[in-house]
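Asks: Attaching a predicted model along with its sequence, questions to come.
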Amino acid sequence: MKPLVSVIIPAYNAEKTIERCIHSVINQTYQNIEVIVVDDGSIDNTFLLCEKYMELSNFIYHKQENQGVSSARNKGIKLSSGEYIAFVDSDDYIKEKMIEVYIHHLDKDLVCSSVLNSILHLKDKEKISQYNSLKDIDKDLYFLLINGFFTSPVCKLYKRKYIDTFFDIDISYGEDLLFNLKYFSNISSIIFIHEQLYFYDLSDSGLTKKLHEDEFETILKLSKSFLEFYKDKISNTKVINEKLYDFLANYFVVFFQKYCFKHKLWDLRLKPYLKNKEYQFILKNSTNSSLNMKVLKTNSALLIASFFKCKQLVKFVLARGKKI
């Protein structure tokens, strides 16, 4: 008998996209799936749009009070019956053959696909990359980092038996990374399919996302966890792949942009962040030569604040120009 795959869709006020998402899942060429929509307290028409699917025997709809996407995913895991689990965000959709493609590789502990047509970015033009040990991924670390391998739960097929922890609902940032690091610690073999099987809706992305009060401290926690995982599971040497530091340093770029965008120039209090030793260590080891990083490496609160405020002004002017 073909194994059951549980596809979990967390949803919040998703009336504009939920039908497209559900339609892409229930019309998979691989049929032995259950679709679980966890409505995280929507106040729009999400329920009404899901209602038509409730007659299907493999469709589960659950509504809860608004507790965040991590709580919704956790509830989906608890409701699931499948040996395998996939996550799809309600504003995204998947190719009709995605699950079928994944199912062909069940000998691996984790099946992943790219967020873009990644074969164009590989020198060897292979359609798949196989890693029989976590240590093998170091050679492709940069590629895996930019493709959300560590930081996102989508574009993946998890084995239920290796999920021994849930998404952390006590942090507001980076919970997906911590979930994945824990899962990766329990497995050994991975396959990465260089084909775009998952489609993101990018209309609500970028720096407009909320700045969380504990975001800087959370980034430090994530960085520590990631570096410890890397040393323990990936590299048996003391040399850390420089691309990992570049990746972690970019979290701080995003933080300072959002922080400076949110506060008035005279209200900015950057020095306590800039003096943090762990933050300084990551920036020191990053080889990223972008203008953003060069500004951060000056460690000048005035220059950093002025730079990101100028970026905010330019963004505002360009946005106004499009409306005229």
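Replies: Structure's in. What do you need?
Asks: Who does the helix or strand I193 falls within pair with, and is each partner parallel or antiparallel?
Replies: Taking DSSP states H and E as the criterion, I193 maps to strand 190-196. Paired neighbours of strand 190-196 in the sheet (DSSP bridges): strand 110-114 (parallel), strand 128-131 (antiparallel).
Asks: With mean pLDDT and distance to I103 as added columns, please give those in TSV.
Replies: From N, CA and C alone the C-beta is placed, and that goes for glycine too. TSV is the format used below for the strands paired with strand 190-196 (pLDDT from 0 to 100; distance: least, C-beta to C-beta, whole Å):
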stretch	mean pLDDT	distance to I103
strand 110-114	92	8
strand 128-131	88	14
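Asks: Okay, helices next: where are they in the stretch 1-150 of the chain?
Replies: 18-26, 46-51, 69-79, 98-103, 141-146 (DSSP state H, counting those that start in this stretch).
Asks: and those helices as CSV, adding distance to M293 and mean pLDDT?
Replies: Putting the helices of the stretch 1-150 of the chain into CSV (distance: least, C-beta to C-beta, whole Å; pLDDT from 0 to 100) gives the following:
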stretch, distance to M293, mean pLDDT
helix 18-26, 36, 97
helix 46-51, 40, 97
helix 69-79, 29, 97
helix 98-103, 35, 98
helix 141-146, 16, 81
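Asks: if we compare the strands paired with strand 190-196, which one ends up closest to Q28?
Replies: Evaluated over those, closeness to Q28 peaks at strand 110-114, with 13.9 Å, by C-beta to C-beta.
Asks: Poorly predicted segments of the stretch 151-300 of the chain, please.
Replies: Low-confidence segments of the stretch 151-300 of the chain (pLDDT under 70): 202-209, 236-239.
Asks: how about the strands in it?
Replies: Using DSSP state E, counting those that start in this stretch, the strands of the stretch 151-300 of the chain run over residues 156-159, 190-196, 198-199.
Asks: just to revisit the earlier point, chain center to the strand holding I193: distance?
Replies: 16 Å (C-alpha atoms, centre = their mean, to the nearest Å).
Asks: likewise stretch 169-186?
Replies: That offset, for stretch 169-186, works out to 10 Å (C-alpha atoms, centre = their mean).
Asks: Just the helices from the stretch 151-300 of the chain, written as ranges.
Replies: Shown for the stretch 151-300 of the chain, the helices assigned by DSSP H, counting those that start in this stretch span residues 175-184, 215-229, 242-262, 271-274, 277-285, 291-297.
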